[in-house]
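Enquirer: structural data only, the sequence is not supplied:
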RNA sequence: GCCGACGUAGCUCAGUGGUAGAGCAACUGAUUCGUAAUCAGUAGGUCCCCGGUUCAAGCCCGGGCGUCGGCUCCA
């Protein structure tokens, strides 16, 4: 007999060697046994067919658990690979993991999959699902596994097996459904029908092990859901996300444009420029209030700076090099980041410990020569500006500076309605500095996070080679995550730039540098805001806050007076003077997602009033202009510190 | 950069070898209207660029540029 402990603490005795599935059916319930996808035995993922050989804790995962969805998508990857090999004999398999929203499988073959191929594959894959073939796990020796895949001509599988054997594996596992076998760690669900429904999404090129020097593979992306309804809901949500695409809305709302002569660099239309400068001014005001000073440094630097910073060696292919007309050499570069120039600026003066912390904020334009194929809308550009800052402080000031930064970041994200999660990344294997230094650095960051009572995820080994960091991932209104804010400790730069301050002891000391940003880049932050708000910005961000619409032309004079008063108070108001019907003008203000449409007819002129309508259709009824101004003061002013 | 798809009016798109089209936007005129689209007319195009095939190319072929999806998720 074995004793099985359930998550609620219940203990059950069962015959030794009983399968997980039979145990669940006999000792818990047939319903759960039917719904189960896989299990954890003593915390280890196993299939339901696995026998229970000794006392163990048991946890069952059903289609309600996200973990089970992940397993079922891995199942789906196998089924798709099976379908591909049936339809296209000679195609070799490589790997096929489940990923965030689905799965992919990489194949080796001489030509890409066409959309028609995908249709056929999807159809056959779903037929295999319907056949309800059980997934069968088998343990084999390395020699047997190699022999099996060599006989099939699966060169990539053989390579993977050899690698894993070299790492010390002695028992390998195969998973079979029907006649199709894959070398796989598992776990898998009980049978193909558990997968539900498979949908293929796209095909693309990929490289063996992600390296372009290796064989070119053909990747198929797909997803799977336990039921059709869930798939339909997911498809709908994707359509919703596509409607919010900042590239689409950027055009529709006339915010920014691109031209082939400047790939990866935006032209900001008047409305986009307004949005951009509102954000710049907002950040200026808040950093100033947070004890920062704003500085500007050159955009173009001699390579000497990059040699000193280390960029010339490590980052050169991402920099735009500029020819010096006198030397005729590419001796200059547009700056790809601000830090080196900030360090130079710090070093131009002698600093006392009394000056620290010194916080330099910069919104200068940066250029990075991103690979042509990597450019995408405003999220991946070649020219951009960061809400960048570097804090120079003593080591004992790190914790309080981090706390101060988080307080600012907290305030900023709150103003935009964004929530966030925190990650602390610690020392990577490749690093500089002593362990003692890292202990102190990581300790300082932890102290700050704990003082703030911020829950955080620890990511060991993910820090930069020059210091640990804290990252802030915000989630938007449709649940997507974006890594925006960051604060990184840097012990290297002060050495490279020989930065010092004079301490109380009248001796020179090394300051520590903190790199930090909240928006990340203005360009990417704007893209995120557009998608977060679906283009319907809150009034304080909206490029046009009020459009004045008259019922008839005879109110035009008064309409302009209203606009002039609002503009005079610093609000962004316009009159739609085109000879269109009132209804048409209102419709257009809605399409442009203007927060307030101010309707003016004879009644409003008589009363010195306006009739505002909010974006979305709420009629606020006729009100005196003074009352509108009070409303705008509340909603349409940039939140100040 | 590599793989694939795409590039037609300001925008969204139709047009697969035989005289370049629609809707919206723009412009002109009429309409002056009370909360999501008044009516009529006009104008707008090196069909991304360069070269080739053909009697004939937006369409077929080659090269370039750009955009988009991938190229990190690891049995």
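Expert: That came through, no problem. The structure displayed is predicted, hence computed values, not measured ones. Numbers count the residues shown, from 1 in each chain, chains lettered A, B, ... in the order given.

Enquirer: okay, CA-based contacts and neighbour counts for the rest of this
Expert: Noted.

Enquirer: for residue A:544, which three-state class applies?
Expert: Of the three states, residue A:544 takes coil according to DSSP: H, G, I helix; E, B strand; the rest coil.

Enquirer: what score does it have for pLDDT?
Expert: Per-residue confidence (pLDDT) for residue A:544: 96.

Enquirer: that one: what's it in contact with?
Expert: With contact taken as CA atoms under 8 Å, 6 or more residues apart in numbering, residue A:544 is in contact with A:271, A:572, A:573, A:574, A:594, A:595.

Enquirer: now, which of those residues sits nearest RNA strand B?
Expert: Using CA to the nearest atom of the strand, residue A:594 comes nearest to RNA strand B of those, at 9.9 Å.

Enquirer: can you pull the pLDDT of that closest one?
Expert: Per the predicted model, pLDDT is 96 at residue A:594.

Enquirer: what about the residue in the stretch 51-200 of chain A positioned nearest to RNA strand B, neighbour count?
Expert: RNA strand B sits closest to residue A:184 of the stretch 51-200 of chain A, with a gap of 2.3 Å, by CA to the nearest atom of the strand. A count of nearby residues for residue A:184, using other CA atoms under 10 Å, gives 20.

Enquirer: for it, what are phi and psi?
Expert: phi -160, psi 140 (degrees, to the nearest 10).

Enquirer: and the residue of the stretch 201-350 of chain A found nearest RNA strand B, backbone torsions?
Expert: Using CA to the nearest atom of the strand, the closest approach of the stretch 201-350 of chain A to RNA strand B is made by residue A:210 at 2.3 Å. The phi and psi values for residue A:210, taken as degrees, to the nearest 10, are phi 70, psi 20.

Enquirer: okay, the contacts of residue A:544 in JSON lines with distance to RNA strand B, neighbour count and secondary structure next?
Expert: Output for these, formatted as JSON lines (distance: CA to the nearest atom of the strand, whole Å; neighbours: other CA atoms under 10 Å; DSSP: H, G, I helix; E, B strand; the rest coil):
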{"residue": "A:271", "distance to RNA strand B": "15", "neighbour count": "16", "secondary structure": "helix"}
{"residue": "A:572", "distance to RNA strand B": "19", "neighbour count": "20", "secondary structure": "coil"}
{"residue": "A:573", "distance to RNA strand B": "16", "neighbour count": "24", "secondary structure": "strand"}
{"residue": "A:574", "distance to RNA strand B": "15", "neighbour count": "21", "secondary structure": "strand"}
{"residue": "A:594", "distance to RNA strand B": "10", "neighbour count": "26", "secondary structure": "coil"}
{"residue": "A:595", "distance to RNA strand B": "11", "neighbour count": "28", "secondary structure": "coil"}
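
Enquirer: select the longest helix from chain A.
Expert: helix A:66-87 (DSSP state H).

Enquirer: for the following helix or strand past that one, packing partners?
Expert: Next along the chain after helix A:66-87, taking DSSP states H and E as the criterion, comes strand A:92-93. In terms of contacts (3 or more CA pairs under 8 Å, 6 or more residues apart in numbering; DSSP states H and E), strand A:92-93 is packed against strand A:102-108, helix A:155-166.

Enquirer: report the buried residues of the longest one.
Expert: Judged by neighbour count using 16 or more other CA atoms under 10 Å, the buried positions of helix A:155-166 are A:155, A:156, A:157, A:158, A:161, A:162, A:165.

Enquirer: before we move on, what about stretch A:283-300?
Expert: Buried, per 16+ other CA under 10 Å, within stretch A:283-300: A:283, A:284, A:285, A:286, A:287, A:288, A:292, A:297, A:299.

Enquirer: and the third one, what is it in contact with?
Expert: With contact set as CA under 8 Å, 6+ apart, residue A:285 has these partners: A:640, A:641.

Enquirer: ok, now how distant is it from residue A:387?
Expert: 12 Å (CA to CA, to the nearest Å).

Enquirer: mind putting the helices and strands packed on strand A:92-93 in CSV, distance to residue A:433 and mean pLDDT included?
Expert: Below are the helices and strands packed on strand A:92-93 laid out as CSV (distance: least, CA to CA, whole Å; pLDDT from 0 to 100):
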stretch, distance to residue A:433, mean pLDDT
strand A:102-108, 40, 91
helix A:155-166, 33, 87
